[in-house]
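J.: Compute the structure for the input listed below.
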Amino acid sequence: TEWFGGRLDPQQAAPERQKELDKVIDRFILNTIAYGAIGWLVEEKYGMERACRSYYMLQRLQARYGLLPPEEVAYWDGGRLVGVSQALADDLPSKRRQLRIAYPNGLKIWLNDWIGEEGAADAKWTVEVNGKRHEIPPAGWLAVQGGSFLEFSVAIDGHKADYLRDDGSIGKEEPVIYADGRGEVTRFGEVATEGAIAVRRLSENQVEIINVSRKDFGLNSPFGMRGVPASCEVFNLEGEPLGSAEVRLESDYAWITARQDGHRYLVSYSMT
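T.: A predicted model of the protein is given here:
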């Protein structure tokens with residue numbers, strides 16, 4: 001991580017410095033993905049939100065590309081994808097640094113490592129996958145494998161946001177959703193959040209939420225949960241019960257009010 005960050009101090013409070021650090025962390029994660037590396041994570045000294053971002057945005061994706069040789073590597077020239085030979089002839093790995101990697105298991109990853117002027121017309125890369133358009137900004141990426149896996153770090157309504165949805169089809173891991181609005185309330189469909197949360201399906205009527213940022217969050221039938229949230233139990237970092245959290249039923253989401261020391265939330269659904 002320090003190779004990308006140089007002398008950036010994670011303890012500096014200035015918002016502009018924190019945004020710069022976020023971009024550094026994003027480029028670290030992006031390059032880890034681009035080179036097919038496994039096992040690298042962001043250190044806790046950069047903040048728990050960033051450490052968790054690297055964990056959730058890398059672990060499940062690495063399980064899908066680890067030890068697999070790419071089937072195809074192509075670079076975006078501004079109008080089309082071209083092969084590596086043409087990309088080298090056009091100096092695209094230096095000038096644009098926007099590429100797509102395809103793996104034999106159907107996984108496809110789009111990476112935008114643009115390092116020029118961020119306001120340039122070519123800085124953002126718009127990609128359409130499965131009928132949905134994604135605006136990939138510099139230091140952003142998109143990964144898709146059929147309908148079972150979706151991950152992105154893209155621009156939503158003018159700000160950067162992160163999302164992962166894995167149905168758990170690889171190995172024996174439970175389905176998981178990770179989402180981070182990065183300071184802006186962002187609606188991702190099944191969840192809505194300003195901060196970082198990780199949602200895991202425990203049973204047909206119960207989900208677990210790790211509230212990394214300790215902000216309010218919304219649920220909209222994640223993993224096909226039926227009914228409405230009937231209760232929400234809260235536990236602190238040590239696993240001690242803190243009681244229940246308020247659940248507000250609104251037109252689009254069931255909003256859970258964060259508890260000050262709340263870390264783990266168990267939400268049970270009921271049809272009545």
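
J.: Which residues are in contact with the nearest residue to Ala63 once chain neighbours are set aside?
T.: Spatial nearest neighbour of Ala63, chain neighbours left out: Ile170 (5.2 Å); criterion: CB to CB, 6 or more residues apart in numbering. The way it works is simple: take the backbone N, C-alpha and C, and place the C-beta from them, glycine included. Taking CB atoms under 8 Å, 6 or more residues apart in numbering, we find Ile170 in contact with Arg60, Ala63, Arg64.

J.: Packing partners of the lengthiest helix in the chain?
T.: In the chain, with assignment by DSSP state H, the single longest helix is helix 15-34. The contact analysis (3 or more CB pairs under 8 Å, 6 or more residues apart in numbering; DSSP states H and E) places helix 15-34 against helix 2-5, helix 48-65, strand 108-112, strand 140-145, strand 149-156.

J.: got the contact list for the last one?
T.: Pointing back at strand 149-156 there. For strand 149-156, the external contacting residues (CB under 8 Å, 6+ apart) are 26, 29-30, 57, 60-61, 64, 107, 124, 134-137, 139-144, 160-167, 169, 186.

J.: Only the buried subset of those residues, as a PyMOL command please.
T.: Of those, the buried ones go into a single PyMOL selection, burial set by 16 or more other CB atoms under 10 Å:
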select buried, resi 26+29+30+57+60+61+64+107+124+134+135+136+137+139+140+141+142+143+144+160+161+162+163+164+165+166+167+186
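
J.: Sketch out the low-pLDDT regions of the protein for me.
T.: 1-15, 272 (pLDDT under 70).

J.: Can you tell me which of the contacts of Ile170 is closest to Lys215?
T.: Lowest distance from Lys215 to those (CB to CB) belongs to Arg60, with 22.8 Å.

J.: partners of the closest residue to that closest one other than its chain neighbours in the sheet?
T.: Nearest residue to Arg60, sequence neighbours excluded (CB to CB, 6+ apart): Asp166, at 4.6 Å. Counting by DSSP bridges, Asp166 is bridged to Phe149, Val176.

J.: thought Asp166 was touching Val176?
T.: Yes: when contacts are counted by CB atoms under 8 Å, Asp166 is listed as touching Val176 (5.4 Å).

J.: any residues in contact with both of these two?
T.: Here Asp166 and Val176 share the contacting residues Arg60, scored by CB under 8 Å, 6+ apart.

J.: that older thread, and the longest helix of the chain, what's buried?
T.: Neighbour-count burial for helix 15-34, counted by 16+ other CB under 10 Å, picks out 21-34.

J.: Make JSON lines from those residues and add distance to Glu246 to it.
T.: Converted to JSON lines, the buried residues of helix 15-34 look like this (distance: CB to CB, whole Å):
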{"residue": "Leu21", "distance to Glu246": "33"}
{"residue": "Asp22", "distance to Glu246": "31"}
{"residue": "Lys23", "distance to Glu246": "36"}
{"residue": "Val24", "distance to Glu246": "37"}
{"residue": "Ile25", "distance to Glu246": "33"}
{"residue": "Asp26", "distance to Glu246": "34"}
{"residue": "Arg27", "distance to Glu246": "39"}
{"residue": "Phe28", "distance to Glu246": "37"}
{"residue": "Ile29", "distance to Glu246": "34"}
{"residue": "Leu30", "distance to Glu246": "38"}
{"residue": "Asn31", "distance to Glu246": "42"}
{"residue": "Thr32", "distance to Glu246": "39"}
{"residue": "Ile33", "distance to Glu246": "38"}
{"residue": "Ala34", "distance to Glu246": "43"}
